[in-house]
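give me coordinates for this.
(2 chains)
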Amino acid sequence: MILIGYQGASTKLMAMCAEKNIGMSFCTPYGKFLCRVQGKVSGNILLRKKQYRISDDEYKSCLIAKNFIIGKLINYRNVLNRFKRDYADKFNKNVKKSIEYLSDTIKSVSKCEDLDNLRGLEGIGSKFYFEVFNELILINDESFRFDSRNRRPPLDRVNALLSFVYVLLSHDMASSLESVGLDPQAGFLHRDRPGRNGLALDMMEELRPYLCDRFVLKLINTKVIKHNDFIVKENGSVLMLEDARKSVLTAWQKRKKDIIKHPFLGEKIEIGLIPYVQSLLLARYLRGDLEEYPPYLMK
Amino acid sequence: MEFNMDYLMISGIQHFVFCPRQWALIHIEQIWKDNVKTFKGHKFHEKVDDPYVFEKRGERIISRSIPLISHELSLVGVSDCIEFYVRNDNLGVKIKGREGSYDVIPIEYKVGDIKDDESDISQLCVQAICLEEMFDTKIKKGYFYYGKLRRRVEVEFTEELRKNVKELAKKMKYYFDNGVTPKACYKKHCVSCSLYDICLPKLNRSYTKVKNYIDSYWISGS
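Numbering: from 1, shown residues only, chains lettered A, B, ... in the order given. Next up, the predicted model:
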C-alpha cells in the first residue's frame, strides 16, 4: 500500500496492515519515500546472513546478478519483438538491429563472471533498447518524443512517466523482499549505499521492461496520459500534475489485478504478485532449493 | 535443570510428520500463513485453552494449558488439557496443594477428524513423554477429542510409537541445528497445505531447471 501526498491512516489500520503483513509506505506528493509501517522483522536470520555473505562476495554476487541482467535484456528484446508482431508495418531496420544487438549482448552476459563487466554490458544493452524506444511511441505528438533515458530531473514527459512508474515498482519490490525475509538494502549488482534499496533495485532490473516500460507505452499510446498532464519548468525539467499521477496510479492498480501465467512456475497469478513471487524464488535459491535464480521472462 | 533456549516446539511434530519441509518453513524459516483450516483450528482452541479455568468433575481434576517440557527430547509446549484421575492406591502422582494420588491423562482437542497419518498421535505421545518426565510416572494412554466426531478417541502409547517420536524429535533437532530446510517434493497432500504458495512444492521437478528455462526464452525469441 502506497500513500502519496500526506494521506491519513488510523493507528488501527496501521496495526491491521502490520498484522496481515501488508507493507505501507508513506510518500511525498512526488513519490519520494518518507516512511514505512512494518510489522516484526520477518523471515529468518539464517536467510539474511546468507544474503549478506553472498553480497560481500563479488564473484558469487555476479553469478546471481547475471540472471537479473539476462532477464532484463531478454525482456528488452521481447518488448521489441512484441512490437514487431503487433505493428509489423511500423517495424523498421533500427528496431531489427536493436534486437540483434541485444541478442549478442545476452550471449556475452551469459559468459560474464565479473561485476564491472556485467554493469558495462547492462549499460550497452540498455543503450540499444532506449535508442529505439521512441519508435514504440505510436501517437503523433512531438511532446512525447523520447531521445534518451534521463532522470533527476526527467527532461521530457516520457522520462517523467518512466521515473514515476519505476518508483512504484521499487516500493512493491522492497515490501515483497521484506515479506519473504530478505533485506531490500543488501544488493548483489547494486553495491551498498546507505539509504539505497540495493536488492530491490537489482530485482527490478528484469521487471522494468515488462511491468513499467510497456505500461508507460500503453498510457501514452492509448492517451490515458496526454501532453498537458505535465508542466515544464524553466530549466527544462518536467513534472507530472496531480491528476495525472492519480490516473497513473489507478491504471497501475488495475493492471496489478490482471492474471498471467508465471513463466517459471507455470501457475496463474495476478500481475501484482510478480514482485512477491520473484522475491520468493530468490529466497528459495538462496536457501538452496534451486540451482540458479530464475528471472521473470516475458513471452 | 537449566532451560535450554534451543528446545523446539512440541506442536511442530505434527507438522513434521505431515511434511518435514512444512515444519522447516514454519520453525526454521519462520513463515506462517493461515488458511481456512488453520483459522478454524485457532478459533476452536480459543475455547479450550484457558489456563485460568479450574474444573473438578467427580473423581477428575481437569487442567488446561499446562506448560510442558522434555529435556530428553529437547521439546517444549503446552498441553490443551490434562485430566488427573484419583487413584485408590498410592501409586499415582502427587499434585501440589492436593491430597491423594492421581493418574495423568493428556487430552488434545482437534477441530477436524481422525487423520490418516500419525501426526496427531505423535504429538500426543510427545506430550505424554513430557508429562512422564515432569511427574516421574508412566502414562499408558491419552485421548483426542475430535470436534467433527464430537467424541473422544483413545490412544495407547506403545513402545513402537515412543520409539518413533523419539526418532522424529532427533531428526527435527538435527535439521534445526543445521538450519536445513528439506527440499520440496510434490505430493497429493500438498494441496491442503496452507504454505503451498510459499513452499512452491513443484520447484524441484525436472523440467524446471533454471538453465533450460532461460535458454528456452532467449534462444527461441531470437
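
check whether stretch A:170-177 contacts chain B.
No: using CB under 8 Å from any CB of the partner chain, stretch A:170-177 stays clear of chain B, coming no nearer than 12.5 Å. Backbone N, C-alpha and C define where each C-beta goes, glycine included.

now do the helices in chain A.
With helices called from DSSP state H, chain A shows them at A:11-19, A:45-55, A:58-86, A:93-111, A:115-131, A:157-179, A:198-204, A:207, A:214-221, A:242-256, A:274-286.

between those, which gets nearest to B:Val78?
Of all the helices of chain A, it is helix A:11-19 that lies closest to B:Val78, at 22.2 Å by CB to CB.

re the thing from before, mean pLDDT and mean neighbour count added to the helices of chain A, as JSON lines?
As requested, these are arranged in JSON lines below (pLDDT from 0 to 100; neighbours: other CB atoms under 10 Å in any protein chain shown):
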{"stretch": "helix A:11-19", "mean pLDDT": "86", "mean neighbour count": "12"}
{"stretch": "helix A:45-55", "mean pLDDT": "89", "mean neighbour count": "17"}
{"stretch": "helix A:58-86", "mean pLDDT": "91", "mean neighbour count": "21"}
{"stretch": "helix A:93-111", "mean pLDDT": "88", "mean neighbour count": "17"}
{"stretch": "helix A:115-131", "mean pLDDT": "91", "mean neighbour count": "18"}
{"stretch": "helix A:157-179", "mean pLDDT": "88", "mean neighbour count": "23"}
{"stretch": "helix A:198-204", "mean pLDDT": "94", "mean neighbour count": "24"}
{"stretch": "helix A:207", "mean pLDDT": "96", "mean neighbour count": "24"}
{"stretch": "helix A:214-221", "mean pLDDT": "92", "mean neighbour count": "19"}
{"stretch": "helix A:242-256", "mean pLDDT": "89", "mean neighbour count": "15"}
{"stretch": "helix A:274-286", "mean pLDDT": "90", "mean neighbour count": "23"}
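
which parts of chain A sit against chain B?
Contact residues, chain A versus chain B (CB under 8 Å from any CB): A:42-44, A:46-47, A:67, A:70-71, A:74, A:77-78, A:81, A:99, A:103, A:106, A:181, A:263-266, A:280-281, A:284, A:287-295, A:297.

ok, back up a step: the helices of chain A: which one's closest to B:Gly58?
Comparing these by CB to CB, helix A:11-19 comes nearest, at 42.9 Å.

for that closest one, name the packing helices and strands.
Packed against helix A:11-19 by the contact rule (3 or more CB pairs under 8 Å, 6 or more residues apart in numbering or on different chains; DSSP states H and E) you find strand A:33-37.

isn't A:Glu267 right up against A:Lys261?
Yes: between A:Glu267 and A:Lys261 a contact is recorded at 7.1 Å, counting by CB atoms under 8 Å.

residue boundaries of the helices in chain B?
Listed in chain order, the helices of chain B (DSSP H) span B:12-18, B:20-27, B:36-48, B:119-135, B:159-178, B:196-199, B:210-220.

quick one: contacts for the spatially closest residue to A:Leu80 that is not a sequence neighbour?
Nearest residue to A:Leu80, sequence neighbours excluded (CB to CB, 6 or more residues apart in numbering or on different chains): A:Ile99, at 5.1 Å. Applying CB atoms under 8 Å, 6 or more residues apart in numbering or on different chains to A:Ile99 gives the contacts A:Arg77, A:Leu80, A:Asn81, A:Lys84, B:Ser222.

hmm, 10 Å instead?
A:76-81, A:83-84, A:91, A:128-129, A:132, B:221-222 (CB atoms under 10 Å, 6 or more residues apart in numbering or on different chains).

quick one: it and A:Glu131, what's the gap?
As for A:Ile99, its distance to A:Glu131 is 12 Å (criterion: CB to CB, to the nearest Å).

to A:Leu34, which of the helices of chain A lies closest?
helix A:157-179 (11.5 Å).

between strand A:33-37 and that closest one, find me the angle.
Here helix A:157-179 points in a direction 30 degrees away from that of strand A:33-37 (axes from the mean of the first three to the mean of the last three CA atoms, to 10 degrees).

got JSON lines for the contacts of A:Ile99, with distance to A:Asp56 too?
Shown next, in JSON lines, are the contacts of A:Ile99 (distance: CB to CB, whole Å):
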{"residue": "A:Tyr76", "distance to A:Asp56": "30"}
{"residue": "A:Arg77", "distance to A:Asp56": "32"}
{"residue": "A:Asn78", "distance to A:Asp56": "33"}
{"residue": "A:Val79", "distance to A:Asp56": "34"}
{"residue": "A:Leu80", "distance to A:Asp56": "36"}
{"residue": "A:Asn81", "distance to A:Asp56": "38"}
{"residue": "A:Phe83", "distance to A:Asp56": "41"}
{"residue": "A:Lys84", "distance to A:Asp56": "42"}
{"residue": "A:Phe91", "distance to A:Asp56": "45"}
{"residue": "A:Phe128", "distance to A:Asp56": "32"}
{"residue": "A:Tyr129", "distance to A:Asp56": "31"}
{"residue": "A:Val132", "distance to A:Asp56": "38"}
{"residue": "B:Gly221", "distance to A:Asp56": "35"}
{"residue": "B:Ser222", "distance to A:Asp56": "36"}
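
okay if I get the helices of chain A as JSON lines plus distance to B:Cys81?
Shown next, in JSON lines, are the helices of chain A (distance: least, CB to CB, whole Å):
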{"stretch": "helix A:11-19", "distance to B:Cys81": "28"}
{"stretch": "helix A:45-55", "distance to B:Cys81": "35"}
{"stretch": "helix A:58-86", "distance to B:Cys81": "50"}
{"stretch": "helix A:93-111", "distance to B:Cys81": "61"}
{"stretch": "helix A:115-131", "distance to B:Cys81": "59"}
{"stretch": "helix A:157-179", "distance to B:Cys81": "36"}
{"stretch": "helix A:198-204", "distance to B:Cys81": "47"}
{"stretch": "helix A:207", "distance to B:Cys81": "51"}
{"stretch": "helix A:214-221", "distance to B:Cys81": "56"}
{"stretch": "helix A:242-256", "distance to B:Cys81": "46"}
{"stretch": "helix A:274-286", "distance to B:Cys81": "38"}
